[in-house]
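K.L.:
build me a model from this:
(2 chains)
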2 protein chains.
Amino acid sequence: MTISDIAAARGRIAPYVRRTPLVPSAWLSSLAGADVRLKLESLQPTNSFKIRGAVNAAAAFLERHARHQRVPGTIVTASAGNHGRAMAFAAERLGLDLVVFTPRSAPKAKLDHIARHGADLRPAGTYEEAERLAKAFAADEGATYISPYSHPDVIAGAATVAVEILEEWPETAAILVPVGGGGLAGGIAIAARAVSPAVSVVGVEAEASPAFHEALKAGRIVEVEVRPTIADGLAGNMDPESITFDIVRRLVGRTVLVPESAIEDAIRGLFAEERVIAEGAGATAVAALVAGLRVAGGRVAVVVSGSNIDARVLARVLRRE
Amino acid sequence: MTISDIAAARGRIAPYVRRTPLVPSAWLSSLAGADVRLKLESLQPTNSFKIRGAVNAAAAFLERHARHQRVPGTIVTASAGNHGRAMAFAAERLGLDLVVFTPRSAPKAKLDHIARHGADLRPAGTYEEAERLAKAFAADEGATYISPYSHPDVIAGAATVAVEILEEWPETAAILVPVGGGGLAGGIAIAARAVSPAVSVVGVEAEASPAFHEALKAGRIVEVEVRPTIADGLAGNMDPESITFDIVRRLVGRTVLVPESAIEDAIRGLFAEERVIAEGAGATAVAALVAGLRVAGGRVAVVVSGSNIDARVLARVLRRE
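P.N.:
Residues are numbered from 1 along each chain as shown, chains lettered A, B, ... in the order given. This is a model prediction of the structure:
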């Protein structure tokens, strides 16, 4: 993937996504002893950065079919929520049929939103099972599988987050980013390498689901035990064939693990100090600073990747303060 | 007040305030049958638009003393919270002594923040009593009273909200704004009249505290009964000498009243649909659209003026969904 793929993605998604604000955080700046700014992907339509990759993938899929004058078939994906919701939004806007396999752990708020856009929901057990079923469906039905992370168009869409950060704040020294399947971290690292090679990209994972941490240690994708986490959007093993592993290994190098308590503290702190709503996954990069991570370079952009948190869950986290 | 006062305010406050985002709301656009965008003053440092007027007033006060080579004395104000917090922020940054008289109804979260900036807090009974005590303190001690709304520098600071809206979205047909003491509505109306005379400014008041509604009906400032409201930042009678009454009468004309239930629905809707945190006062202009107000012109900017809501109160409102 090159910067021209990312530029093409930017053009495709511009009518559908927001240029999200990058706001200074006095709270995190003081905690981290650095100038910390928050990239609020939490304010995207569909409430997460996933809209960037989803719209790019759907639009690129249509372009390819138009080029060969073929009728586009069904697309299929697996998602714990945000990618599914974003794909459902994209499919509705672009007039595509979409099937989404969803794990049991997906929050109701997320499933309701996917259904609202008219996608065909298929419940599965674990996230990994949803992914296997989606790939099998694609093979059996001649549908096109669009992975939530291991897909060049999805990664190119996610990469546009970094392009916006570096345009607005060229002095950025480091970007902190939550890591689930590695699509966001991978895309951001590719864009940063192309635009500002000195920028370091720091990936942050939930301790409860350390897929990249263990894979990077082993030098290959390994299966990890996934425990329950408030960062439901990051939980699960990655596709054994995921293209994100090599990208993250080359360009990010390692991930920082954060415990559940730091993620909850980050959700509470974002609310109390910045009036920003974040879901667990969305607050995970912030959690690294809350947990005491020191980042070199003095100018740190932190991606708040999503805000699809059930009102009930947020109320429970806030009451614990 | 002229546009050059507002331009001067903009220059003074630029180092301290944010140019806040103006984000499209699919939810409110569909409710109102219009293109609705939210001006998120809720994301300001100190969590409300009040920082604009407070910093402008404090900086202008210092400039006047510097011009006459006089040593600046103490400043004093009365506030249910947001103006007090913003003045405390401004006084701390600019090195001024500040006394704040606060009504009993002020939420703890707001009082804690005022104290954190080192201001001298003086508890009073009602808001009106806090205002009387602050003015008496100024007279007795030779301090300078800076009203939360009836002060040209405070109004000029608030007016910068409209300048930003109209710069970013010149097609704006109407601006919806919460009304408490009328400083924000008055400032916005002055700026809109100067920049885009065709823009209509719609003031929205909590039914529980209809100070402008009754005053505009009577043609003069009258005392109203103030009932408890979740929009604590708007509650109270206005200063009988307030300069905002004439500004609002001339340039805004009338106010729309919204019931408590609509304000709570607006807080919940902003959370559920837009992932925006708003306090009661901050959600009051949104509440008018929730309550069914139709606004002519098709392009409506709505000011979300603040987000200083106690976690406990927010949790309670969200649980009611």
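K.L.:
out of everything not next to it in sequence, what's closest to whatever residue of the stretch 1-150 of chain A ends up closest to chain B?
P.N.:
Residue of the stretch 1-150 of chain A nearest chain B, by C-beta to the nearest C-beta: residue A:21 (4.5 Å). (C-beta placed from N, C-alpha, C; glycine too.) The shortest distance from residue A:21 to any non-neighbouring residue, by C-beta to C-beta, 6 or more residues apart in numbering or on different chains, is to residue B:21 (4.5 Å).
K.L.:
could I get the phi/psi values of that neighbour?
P.N.:
Dihedral angles of residue B:21 (phi, psi; degrees, to the nearest 10) stand at phi -70, psi 150.
K.L.:
and for it, the neighbour number?
P.N.:
20 (other C-beta atoms under 10 Å in any protein chain shown).
K.L.:
that one reaches residue B:42, doesn't it?
P.N.:
No: in this structure residue B:21 lies outside contact range of residue B:42 using C-beta atoms under 8 Å: 10.1 Å.
K.L.:
ok so, going back, quick one: pLDDT of the residue of the stretch 1-150 of chain A closest to chain B?
P.N.:
pLDDT for residue A:21: 91.
K.L.:
where are the low-confidence patches of chain A?
P.N.:
Low-confidence segments of chain A (pLDDT under 70): A:321.
K.L.:
tell me the contacts of the residue nearest to residue A:272 when sequence neighbours are not counted?
P.N.:
Excluding its sequence neighbours, the residue lying closest to residue A:272 (C-beta to C-beta, 6+ apart) is residue B:311, at 6.6 Å. Residue B:311 sits next to A:268, A:271, A:272, A:318, A:319, A:321, B:109 when contact means C-beta atoms under 8 Å, 6 or more residues apart in numbering or on different chains.
K.L.:
all strands for the stretch 201-321 of chain A, in order.
P.N.:
A:255-258, A:299-304 (DSSP state E, counting those that start in this stretch).
K.L.:
residues making contact with the last one?
P.N.:
Okay, so that is strand A:299-304. A:22, A:25, A:28, A:32, A:34-42, A:49, A:161, A:165, A:169, A:171-178, A:184, A:188, A:270, A:276, A:278, A:282-283, A:285-286, A:289.
K.L.:
show the buried residues in those.
P.N.:
Using 16 or more other C-beta atoms under 10 Å in any protein chain shown as the burial test, those include A:22, A:25, A:28, A:32, A:34-42, A:49, A:161, A:165, A:169, A:172-178, A:184, A:188, A:270, A:276, A:278, A:282-283, A:285-286, A:289 as buried.
K.L.:
quick one: which of the residues you listed sit in helices?
P.N.:
Per DSSP state H, helices hold the following members of those: A:28, A:32, A:161, A:165, A:184, A:188, A:282, A:283, A:285, A:286, A:289.
K.L.:
and which of the residues you listed is nearest residue A:233?
P.N.:
residue A:282 (7.5 Å; C-beta to C-beta).
K.L.:
these two touch, right, that closest one and residue A:307?
P.N.:
Yes: contact criterion C-beta under 8 Å: residue A:282 and residue A:307 qualify, at 5.8 Å.
K.L.:
any shared contact partners between these two?
P.N.:
Common contacts of residue A:282 and residue A:307, defined by C-beta under 8 Å, 6+ apart, comprise A:42, A:48.
K.L.:
columns distance to residue A:68 on top of the ones in helices among the buried ones among the contacts of strand A:299-304, output as JSON lines?
P.N.:
Output for these, formatted as JSON lines (distance: C-beta to C-beta, whole Å):
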{"residue": "A:28", "distance to residue A:68": "49"}
{"residue": "A:32", "distance to residue A:68": "50"}
{"residue": "A:161", "distance to residue A:68": "31"}
{"residue": "A:165", "distance to residue A:68": "36"}
{"residue": "A:184", "distance to residue A:68": "30"}
{"residue": "A:188", "distance to residue A:68": "32"}
{"residue": "A:282", "distance to residue A:68": "38"}
{"residue": "A:283", "distance to residue A:68": "43"}
{"residue": "A:285", "distance to residue A:68": "40"}
{"residue": "A:286", "distance to residue A:68": "44"}
{"residue": "A:289", "distance to residue A:68": "48"}
